[in-house]
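Trainee: Here is a sequence together with a model predicted from it:
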Amino acid sequence: MSNGMPFDKSIGLWMSDKKSQKLNWKELIHACNSHGFNLVKLDLERPFEDQGRIDVLLHKLTDIIAAADQGDVKASMNIRRVEQYLSNHPNVTIIDPLDNVRILLNRYCYYTILQDEISFQNQGIFTPAFAEFSTNNIEQNIEIMRNNGVTFPVICKQTIAHGSKSAHEMVLIFNERGLHVCKAPCVVQSFVNHNAVLHKVFVVGNSYHICERPSLKNFYASDDLEPIYYRTGEVCKADSQSTLSILDPHDKAEIKMTLNEDKIRSIIRVLRKKIGLILLGFDVVIDNTTVILPPVRKADSTEKKPARNSAIVF
């Protein structure tokens, strides 16, 4: 505020140094100030009470929470310090509550939350079939996949989605023989061909922004192919040059698939209700297989129209 008057409110912000380096701090401070907020960059190693007034606690503590839940002593101390501060200062608004954030730490947990959502099914929105492996016994895991409708190829991911570099390491597996690379606990999820286009959706409250990114090319089940290891950051960044994103010649004739933003808004409403987050992000791909929907219920048309399913892939 340029008139030198004190700010009405103060925002305490914490995020990792790596994420901090991606921010334009001058612009962020100016934006906060212009709306009457002072911005305080918090230090987790010090009591928040010593760092000034905090009316809103805005954080990106996901990796710290995950590390704490897995027994990391330093992370546990930091999270306890945050929780104690919030307990002592119940009037502080937190974005987002730690218990709500914890839902996103476990892939199997939040896949399950979304799997049976009726409103998704009615709109052709789905979470690809998935299963959790709690053992490295391949025969048992094959049976688990069959029981859950998971088909090859599959992507194998750690059950814990944050807190370590390995949480972002994936394996694309094409056959039963390849399942030996899965290390429990992990989640396997049917791979959906989507012509190497990923839509990243960033949500702030009821507002959202969509970025189109490169993704994995189309793959099919095969008895001959060996598992492919990759990191999501290497394949799905805006400037990625990964060979895994280059479509094969027979795929290039596919028609362009357009994202339906009505479906995006539906996904956001469900996620806000089921998970209770104000700030969140998710990935959407469009299944490149055309499906036929039931007849359109309009007085002037009973024509069956082709549509494409949107798959939510976190």
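Mentor: Okay, I see it.
Trainee: C-alpha from now on. contacts and neighbour counts both.
Mentor: Will do.
Trainee: burial count for the closest residue to S76 other than its chain neighbours?
Mentor: Nearest non-adjacent residue to S76, counting by CA to CA, 6 or more residues apart in numbering: A68, 4.3 Å away. Burial of A68 is recorded as 19 neighbouring residues (other CA atoms under 10 Å).
Trainee: For A68, give me its contacts.
Mentor: If a contact means CA atoms under 8 Å, 6 or more residues apart in numbering, then A68 has 74-76, 79 as its contacts.
Trainee: out of those, what pair is the most spread apart?
Mentor: The distance between the two most remote of the contacts of A68 (CA to CA) is 8.8 Å, for K74 and I79.
Trainee: what about these two, which has more around it?
Mentor: Set side by side, K74 and I79 show more neighbours around I79, with 19 against 13, by other CA under 10 Å.
Trainee: Output the helix or strand hosting the more buried one as CSV, restricted to C-alpha atoms.
Mentor: I79 is part of helix 73-88, with elements assigned from DSSP states H and E. The C-alpha coordinates for helix 73-88 follow below in CSV (Å, rounded to 0.1, in the frame of the first residue of the first chain):
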residue,chain,number,x,y,z
VAL,A,73,12.2,-36.9,12.5
LYS,A,74,13.0,-33.4,11.3
ALA,A,75,9.8,-33.3,9.1
SER,A,76,7.7,-34.6,12.0
MET,A,77,9.0,-31.8,14.3
ASN,A,78,8.2,-29.2,11.7
ILE,A,79,4.7,-30.5,11.2
ARG,A,80,4.1,-30.7,14.9
ARG,A,81,5.2,-27.1,15.2
VAL,A,82,2.7,-26.0,12.5
GLU,A,83,-0.1,-28.0,14.0
GLN,A,84,0.6,-26.6,17.5
TYR,A,85,0.6,-23.1,16.1
LEU,A,86,-2.7,-23.7,14.4
SER,A,87,-4.1,-25.2,17.6
ASN,A,88,-3.0,-22.1,19.6
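Trainee: In it, which residues are buried?
Mentor: 75-76, 78-79, 81-82, 86 (16 or more other CA atoms under 10 Å).
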